[in-house]
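A.B. asks: Here's a sequence, model it:
(2 chains)
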Amino acid sequence: MSGQFYKLQIVGLENPIETATSITLDVPTNLYQTFSFYPGQHIVLKLMIDGKEVRRSYSMNSCPYNDEALQVTVKRVENGLVSNYIGDNFRVGDSIEVMVPQGRFFANIDPHGYKTYFLFAAGSGITPIFSILKSVLYTSPQSTVNLFYGNANQDTIIFYDALADLESKYPDRLNIIHTLSNPKVWTTWTQWKGRKGRINAESVEHFITNHPPLAQNTEYYICGPGAMNNTVRETLINLGVPQDLIHVEQFGALDDESDEEGTIIDNANLTAKLDGKTFRLKIPKGKTILQVLKEENADPPYSCESGVCGTCRTKIVMGDVSMKVCLALDDDEIKSGMILACQARPLTEHIEIEY
Amino acid sequence: MKESRAMPILPVEAYTSQEWFDKEQEIIFGNSWQFAGLVEDIQDPGDYITVQCGYQNLLVVKGRDQRLRAFHNLCRHRGTQLLRAVGKKQKALTCPYHDWTYDLSGQLVSVPQKETEFPNLELDQICLHKASVDIWRGMLWVHPNPDAESIARWFEGVQEHLGPHDPLRLVEYPDSRYEKLIKANWKIVAENFMDVYHLAHLHSNTLNMYDHSKAEYGFIGDHYVFWEPHAKKYGENLDKLMPFKRIAEMTDEYLGAFVPWLFPNFGLSETESSWSTFHAIPLSPQETKVIIRSKLEPMSNWEFTKQQWKSGMSWHGIMGGETKYGKKPDLSSEDPMDWNDFMEEDVYVCEQQQKSLKNPLFNVSRTAKNGESTVRNFQTIVKRWIEN
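C.D. replies: Okay, the predicted model is just below:
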């Protein structure tokens, strides 16, 4: 059941970098099947913080095809409610509420396949990408992986050592290019000799040009903040990559609201038809349509509050909304006007929806 | 009823008749992965090559995303062949006839005088017919079918029986390119390549660096794999005798030659100091063009010259220098058997066999139990393709 939560115990906590926590969860034998997943998918955690229920989705960074236990990694976001709560309060032995793995962003890897994978990650966007990368290396011996991985500086590269180990273990099958937007000049390591700068059109084209695929059957996976995702995707399309080979996942959904802050309308008018009733409400800046309806006790359908499960889907008949995460809808559904209330924030003064 | 003379599995007509040739072109060459060149042949976006797959000509072009794309080389307008041979850095593919132009992804992008001559034509509805292309072992391979089984599956199990060479790392020496028109059916050339029995006889003095009695060979699906170790005296003097710098991956446990035949018409010769492709292109029932290209360990001119000189100086004393018939090699002779070149020896016997096919007395009465089992197996495979 896609909306169901299970209690899983935390059996390991570690810090791959100072500001991130990897949480290892114990999946009891009777839930193995329920918690099986494709690399790239994520789980939703349900937490009570200061008496309020919050839900967040996190991609597994573990590989589902070997003995690795299920693991997610949460990076602290400045002033982020949930990421800091997790970093400060999670203890080994705690049990947390977890919704079964889901998500449309995943790699279905054919062990006999002969493919070239191009992976793009920025910051904590590495988590699903790392799972895909390991899964390809472990299960599809003829396939190769090229990873372009952007970070702010040396100290924020999650899984740096683990990636370096894999690179030396699979020299013929794995290429990793790191790029740092703001490298520290001197660190405990030697001076940064890698690429400098952001993941942008120029650096993506450079990466593609310098990694011609061997297997001509290629796939492209991108995970990072919205702007980076769009840049990579558009650059690939401009270079001639067919759209259906490009897979995009957005991360940092709610803790990081800087991106579209400016374009969200404050106090937009919402008209919602739900269960035969019509609600006319204001949407204060920062709130989603779902939050406003919940506060009104309109009893709207919802479950994950992470843009994942699709329970809160509704149809927009007037206006336009922005959705940070929209994994439960495909392009055609979005075109036809479907939205996810848990993610929807107004981009126009008047919004009308019909459940 | 006329007794059909056999080769011994296939009838003689399979080597002489146009009807058989047409069937092979359609059924075998139109439905299998074909060698199209080396990865280096298409370097930059817009570079292209053309290649014949049976009766279908394909073009392979590199996109700006560095991916290769294969199309059938015919204009969607009136079917004219779009491109010739090879080309560099094309921005688009334009038909010479009426200048219909396609982008590098095969999409029609412009038609001259469209408004008046083709007012209802929707450009985005027209794309070149797609085909398949992939890279395997540093080589380009094409298949006329866009939904062909993957190249990895086509060669499944073969890789393990090939040499440790990494062709992508090796360097092609253009001088080593060899092209020859052989007046024999392509299957005669293939069978000669796979005939283990002849090695110790036809090539007694030209391939004597190998111990043919220790050859290991067999079929993996439709593909033939072969390895044989060095002869003792060649192996013991390898540093002196090998013609080129030793290939780094050819560590001692691999020493010898890997010489597979990949169905239907492609051979490799992978030795301690060279890596060569052998492409046998059927031109007619009795004509085959063979193209051999060789790659070597990267080395300086001086290293190249030094090793050639060393090998040349040492060869005669250790390996002997006479021809099969005990003569001094003579390149000016009209008899290829005097040239002491194993390739020319093979060309000679292939043409001699083809000449006999029209003789009413011709028949293959017996074939060697082991050393020619490969010939029978190959014919059985061809027969299965044609009959299924």
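A.B. asks: The chain: helices as residue ranges?
C.D. replies: Picked chain A for this. Along chain A, counting by DSSP state H, helices occupy A:81-89, A:126-139, A:160-169, A:201-209, A:226-239, A:289-295, A:331-335.
A.B. asks: sorry, should have said chain B
C.D. replies: Under DSSP H, chain B gives helices at B:18-24, B:114-117, B:151-154, B:186-194, B:232-236, B:238-241, B:301-319, B:342-356, B:373-387.
A.B. asks: what does the fourth one contact?
C.D. replies: For helix B:186-194, the external contacting residues (C-beta atoms under 8 Å, 6 or more residues apart in numbering or on different chains) are B:10, B:14-15, B:182, B:198, B:224, B:226, B:259, B:261, B:264-265, B:267, B:278, B:280-282, B:288, B:290, B:346, B:349-350, B:353-354, B:374-375, B:378-379, B:382. (Each C-beta comes from the backbone N, C-alpha and C, glycine too.)
A.B. asks: repeat for the last one
C.D. replies: If you take C-beta under 8 Å, 6+ apart as the criterion, helix B:373-387 is touched by B:7-10, B:14, B:20, B:23-24, B:27-28, B:187, B:190-191, B:194-196, B:217, B:219, B:222, B:224, B:261, B:263-264, B:367.
A.B. asks: Contact partners for B:His223?
C.D. replies: Contacts of B:His223 were listed using C-beta under 8 Å, 6+ apart, and they are B:Phe155, B:Val158, B:Pro260, B:Trp261, B:Leu262, B:Phe263.
A.B. asks: 6 Å instead, please
C.D. replies: Residues near B:His223 by C-beta atoms under 6 Å, 6 or more residues apart in numbering or on different chains: B:Val158, B:Leu262, B:Phe263.
A.B. asks: now stretch B:252-262: mean pLDDT?
C.D. replies: Here stretch B:252-262 scores 96 as its mean pLDDT.
A.B. asks: got the buried residues for it?
C.D. replies: Of all the residues in stretch B:252-262, those buried under the rule 16 or more other C-beta atoms under 10 Å in any protein chain shown are B:Tyr254, B:Gly256, B:Ala257, B:Phe258, B:Val259, B:Pro260, B:Trp261, B:Leu262.
A.B. asks: what about the closest residue to B:Lys240 other than its chain neighbours, neighbour count?
C.D. replies: Leaving aside its sequence neighbours, B:Lys240 sits nearest to B:Ser314 (C-beta to C-beta, 6 or more residues apart in numbering or on different chains; 4.2 Å). B:Ser314 has 15 neighbouring residues, counting by other C-beta atoms under 10 Å in any protein chain shown.
A.B. asks: my guess is B:Ser314 contacts B:Asp239, does it?
C.D. replies: No - the criterion here is C-beta atoms under 6 Å, and B:Ser314 misses it with B:Asp239 at 9.4 Å.
A.B. asks: Tell me which of the helices of chain B sits most buried.
C.D. replies: helix B:186-194 (a mean of 24; mean count of other C-beta atoms under 10 Å in any protein chain shown).
A.B. asks: Now do it against helix B:342-356, angle only.
C.D. replies: Comparing the axes of helix B:186-194 and helix B:342-356 via axes from the mean of the first three to the mean of the last three C-alpha atoms, to 10 degrees yields an angle of 140 degrees.
A.B. asks: Could I get the CA-only coordinates of helix B:186-194 as PDB?
C.D. replies: Coordinates of each C-alpha in helix B:186-194 appear next as PDB, following Å, rounded to 0.1, in the frame of the first residue of the first chain:
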ATOM      1  CA  TRP B 186      33.400 -15.200 -49.200                       C
ATOM      2  CA  LYS B 187      32.700 -18.600 -47.600                       C
ATOM      3  CA  ILE B 188      35.800 -20.000 -49.100                       C
ATOM      4  CA  VAL B 189      37.800 -17.200 -47.500                       C
ATOM      5  CA  ALA B 190      36.000 -17.800 -44.200                       C
ATOM      6  CA  GLU B 191      36.500 -21.600 -44.300                       C
ATOM      7  CA  ASN B 192      40.200 -21.000 -45.100                       C
ATOM      8  CA  PHE B 193      40.400 -18.800 -42.000                       C
ATOM      9  CA  MET B 194      38.900 -21.500 -39.800                       C
END
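A.B. asks: chain center to it, what's the gap?
C.D. replies: How far helix B:186-194 lies from its chain's middle: 11 Å, per C-alpha atoms, centre = their mean, to the nearest Å.
A.B. asks: so what's residue 310 up against?
C.D. replies: Reading this off chain A. Counted by C-beta under 6 Å, 6+ apart, A:Gly310 has contacts A:Ala328.
A.B. asks: Sorry, I should have been clearer: chain B.
C.D. replies: B:Lys240.
A.B. asks: do B:Trp33 as well
C.D. replies: Applying C-beta under 6 Å, 6+ apart, the residues near B:Trp33 are B:Trp141, B:His143, B:Ile151, B:Trp154.
A.B. asks: B:Trp275 versus the closest residue to the last one other than its chain neighbours, what's the distance?
C.D. replies: If the residues on either side of it in the chain are set aside, B:Trp154 comes closest to B:Trp33, at 5.0 Å by C-beta to C-beta, 6+ apart. Here the criterion is C-beta to C-beta, to the nearest Å. By it, B:Trp33 lies 19 Å from B:Trp275.
A.B. asks: count of residues packed around the residue nearest to A:Arg198 when sequence neighbours are not counted?
C.D. replies: Excluding the flanking residues, the one nearest A:Arg198 by C-beta to C-beta, 6+ apart is A:Ser181, at 4.7 Å. Using other C-beta under 10 Å, A:Ser181 has 15 neighbouring residues.
A.B. asks: And the closest residue to A:Thr179 other than its chain neighbours, what's its pLDDT?
C.D. replies: In this structure, A:Thr179 finds its nearest non-sequential neighbour in A:Arg195, 4.1 Å apart by C-beta to C-beta, 6+ apart. A:Arg195 carries a pLDDT value of 89.
A.B. asks: Sounds good, over and out.
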